[in-house]
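Q: with the input below, show me the fold.
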Amino acid sequence: MKNLKLTLLFIGIVSFLAFTLNQKNALNNSYGYNVGDLAIDFNLKNIDGNQVSLSQFDKAKGFIIIFTCNSCPTSVANEDRIIALDKKYKESGFPVIAINPNNPLVSPEDSYELMKVRARQKKFTFPYLFDEKQEVYPLYGATRTPHVFILEKEKEGLFVRYIGSIDDSSRNASLVKTKYAENAVDAILLGNNIEVSNTKAIGCSIKK
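A: Numbering: from 1, shown residues only. Coordinates of the predicted model:
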């Protein structure tokens, strides 16, 4: 009888720990992606009026997803770097996909119409999508603008390989010492491990 009670107690403890772990994992997953997670596709309106999804890019080996906007000074300071990333890696199969996650009622500078104006001014070479219903950025777990998510395409789908900043100097490009996003894409293209796969995104909070 004593052994039976101990066995039941042990089973109860294991079940409780398993339940707690599952709840923790569910909470983490609801907050956004982690490196190694499988990412799902989305369908958002581009500045040209067309809907864009990742599945449309048949020849892509992956994507440089960047949540950015018109109004944040840090995003503005990174615009030329974002353009440079697209020009450098698009032909290698890693195009930039920029997404504006901000609510224009809270941040009027980030309206869809002004997105089109900004894209023309800066001659964006990449899609600039509007997360109008604010459904995509929470799925990814983006919290700042800019916030980078690098995805690699495999047979099973798109896997998150890097999350964080473009580089180590959010405001001043002349002070950059480590190009996190470039290093991550280079490693993927060479078949190497990414040395730094997670960094802190520095910028403005997303306007809800």
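
Q: return the backbone torsion pair for residue 152.
A: Residue 152 adopts backbone torsions of phi -120, psi 130, taken as degrees, to the nearest 10.

Q: i'd like the first residue to be 115 from this point on
A: All set: I'll call the first residue 115, so the last point we hit is now residue 266.

Q: any idea how far it is from residue 276?
A: Taking C-beta to C-beta, to the nearest Å as the measure, residue 266 falls 9 Å from residue 276. In this view, the C-beta of every residue, glycine as well, is placed from N, C-alpha and C.

Q: what do you get for residue 287?
A: 19 Å.

Q: neighbour-wise, which of those two wins?
A: residue 276 (25 against 14; other C-beta atoms under 10 Å).

Q: quick one: contacts of the helix or strand where that one lies?
A: If you go by DSSP states H and E, residue 276 is part of strand 271-278. Strand 271-278 is contacted from outside by 147-155, 168, 176-177, 255, 261-266, 294-295, 298, 302, 308, 310-315, using C-beta atoms under 8 Å, 6 or more residues apart in numbering.

Q: select only the buried ones of those in ChimeraX?
A: In ChimeraX, this line selects whichever of the contacts of strand 271-278 come out buried by 16 or more other C-beta atoms under 10 Å:
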select :147,149,151,153,168,176,177,255,261,262,263,264,265,266,294,295,298,302,308,311,313,315
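
Q: surely residue 195 touches residue 287?
A: Yes. The criterion here is C-beta atoms under 8 Å, and residue 195 meets it with residue 287 at 6.1 Å.

Q: quick check, residue 211 in a helix?
A: No. The assignment for residue 211 (DSSP: H, G, I helix; E, B strand; the rest coil) gives strand, which keeps it out of a helix.

Q: looks like it contacts residue 178 (just checking).
A: Yes. The criterion here is C-beta under 8 Å, and residue 211 meets it with residue 178 at 7.1 Å.

Q: how about the secondary structure of residue 306?
A: coil.

Q: what's in contact with stretch 313-322?
A: For stretch 313-322, using C-beta under 8 Å, 6+ apart, the contacting residues are 181, 183, 185-189, 215-217, 220-221, 224, 248, 251, 256-262, 277-279, 282, 284, 294.

Q: first vs last residue of that stretch, how far apart are they?
A: 23 Å (C-alpha to C-alpha, to the nearest Å).

Q: now it: how far from the chain's centre is it?
A: Once both centres are worked out by C-alpha atoms, centre = their mean, to the nearest Å, stretch 313-322 turns out to sit 11 Å from its chain's centre.

Q: can you give me the buried ones in it?
A: 313, 315, 316, 317, 318, 320, 321.

Q: list phi and psi for the third one.
A: Per-residue torsions, residue 316: phi -120, psi 130 (degrees, to the nearest 10).

Q: need the pLDDT of it.
A: Looking at residue 316, its pLDDT is 96.

Q: before we move on, back to that, make a markdown table from the buried residues of stretch 313-322 and add distance to residue 237 to it.
A: Below are the buried residues of stretch 313-322 laid out as a markdown table (distance: C-beta to C-beta, whole Å):
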| residue | distance to residue 237 |
| --- | --- |
| 313 | 28 |
| 315 | 25 |
| 316 | 25 |
| 317 | 22 |
| 318 | 23 |
| 320 | 25 |
| 321 | 25 |
